[in-house]
Every structure is written in C-alpha cells, then in structure tokens.
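K.L.:
with the input below, show me the fold.
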Amino acid sequence: MSSLGSCLVRLSKPSATIWVIEVRNGVDNRLSGDVLRELSRLLNLVEEEWRSQWGAASKLTNIEEIKTGASGALVITGNIDQEKFFSNGFVWEEVVATPGFIYS
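P.N.:
Numbering: from 1, shown residues only. Presented below is the predicted three-dimensional model:
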C-alpha cells in the first residue's frame, strides 16, 4: 500500500508490518467531523489488513515466519511536515453546532 486517504488524513505503509496514519488538517490539525470519519475509516482498513496478515501467518509452521507475519505496529501522528503538535483539539464551532458530535 503506498498512500491512501484524503487530504485531511493519510495512511501509508512504510513496511510490511508498519502502518502510519498522518492527520493533516491545516496548521492546528483540528479534529473535525470529516477528520474523525476519515480516521475511523483508515483505522478499520488497517485492522482489516492486519487481521488478514495475522490469519495467513497463523497457518504457517515456522515459528519465526509466524512471529513476523502476525506482528504489526500503527503510528498515528500529526502533519509530519510541520514538526509540531499532534492536534490542537476539536473544531469548537463544529462541536457546539452539532448535537451529539462527541457521542455520534
């Protein structure tokens, strides 16, 4: 997998067992409804791919191949190009204008 996602959140896979999700929502990386929906979609994608790899690895007989195939790591980071904080919080205007924003 090279790079998936939107301009707000991007998923990359630098190696067979490492996934990186990068939040790229402007200067402050505010968490909006669109960012959270895309983040959720990409988390589901990573889980699905990892489970597929894990299932295939569990059918192997060599213990080292099983360990390698079943391992995995997910890194969630802010915009790598900015070299600063992960997020400055929610988009407040969207939170107060959307009933159930936090709980939906």
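K.L.:
quick check, distance from the lengthiest helix in the chain to the centre of its chain.
P.N.:
When the chain is parsed with DSSP state H, its longest helix is helix 33-57. Centroid separation for helix 33-57 versus its chain: 7 Å, with CA atoms, centre = their mean, to the nearest Å.
K.L.:
what do you get for stretch 96-104?
P.N.:
22 Å.
K.L.:
what lies in contact with that stretch?
P.N.:
Applying CB atoms under 8 Å, 6 or more residues apart in numbering, the set of residues contacting stretch 96-104 from outside is 33, 90, 94-95. Using the backbone N, CA and C atoms, a C-beta is placed for each residue, glycine as well.
K.L.:
would you mind checking the residues you listed for buried ones?
P.N.:
residue 90 (16 or more other CB atoms under 10 Å).
K.L.:
can I get the contacts of stretch 96-104 in JSON lines including distance to residue 102?
P.N.:
Output for these, formatted as JSON lines (distance: CB to CB, whole Å):
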{"residue": "33", "distance to residue 102": "11"}
{"residue": "90", "distance to residue 102": "8"}
{"residue": "94", "distance to residue 102": "11"}
{"residue": "95", "distance to residue 102": "7"}
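K.L.:
if you look at the contacts of stretch 96-104, which of them are in helices?
P.N.:
Per DSSP H, the subset of the contacts of stretch 96-104 in helices is 33, 94-95.
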